[in-house]
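In: Pasting the sequence and the predicted coordinates here, then a few questions.
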Amino acid sequence: MPMDDSAKVQQLKYAISKAIDECEPEADDWHLIFAALTAVFTFYLAAACPDCRRKTTDALKANIPVMLNNAAKVAAMSGLPPICH
Ligand SMILES: [Zn+2]
């Protein structure tokens, strides 16, 4: 599962972000947002076969360094302070 930046992925990312924003999370709800995203991830993993579940979670683990690097870049561009604490 390579990182995908296709138009469909962007459309889904927008829809998910919009749904989260519509719940009007508070700054200290940061951990709750990730708990909800993890639950959604698990729900969709359940729709796949065991082999695809393993490949998907292996790819997620492998992409963590890229995710951290991209998050640092986005945070630096936003100039906003962290909301997690
Ligand atoms: Zn499969």
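Out: Here it is on my side, so go on. Numbering: from 1, shown residues only.
In: Can you list the residue ranges for helices in the protein?
Out: 7-22, 30-45, 50-78 (DSSP state H).
In: and the ion, which of the ones you listed is closest to it?
Out: Closest to the ion of the helices of the chain, according to C-beta to the ion: helix 50-78, at 3.1 Å. C-beta: built from backbone N, CA, C; applies to glycine.
In: Centre of the chain to that closest one, how far?
Out: Between the centre of helix 50-78 and the centre of its chain there are 8 Å (C-alpha atoms, centre = their mean, to the nearest Å).
In: Do it and the ion come into contact?
Out: Yes: judged by C-beta under 5 Å from the ion, helix 50-78 comes into contact with the ion at Cys52.
In: helices and strands around that helix, which ones?
Out: Packing contacts for helix 50-78, counted by 3 or more C-beta pairs under 8 Å, 6 or more residues apart in numbering; DSSP states H and E, involve helix 30-45.
In: For the helix it packs on, give me every contacting residue.
Out: The contact list for helix 30-45 (C-beta atoms under 8 Å, 6 or more residues apart in numbering) reads Ile16, Ile20, Pro25, Arg53, Thr56, Thr57, Ile83, Cys84.
In: make it 10 Å
Out: 16, 19-20, 23, 25-26, 29, 52-54, 56-57, 60, 82-85 (C-beta atoms under 10 Å, 6 or more residues apart in numbering).
In: just to revisit the earlier point, so can I have a markdown table of the helices of the chain showing mean neighbour count and mean pLDDT?
Out: A markdown table is the format used below for these (neighbours: other C-beta atoms under 10 Å; pLDDT from 0 to 100):
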| stretch | mean neighbour count | mean pLDDT |
| --- | --- | --- |
| helix 7-22 | 10 | 94 |
| helix 30-45 | 12 | 94 |
| helix 50-78 | 11 | 95 |
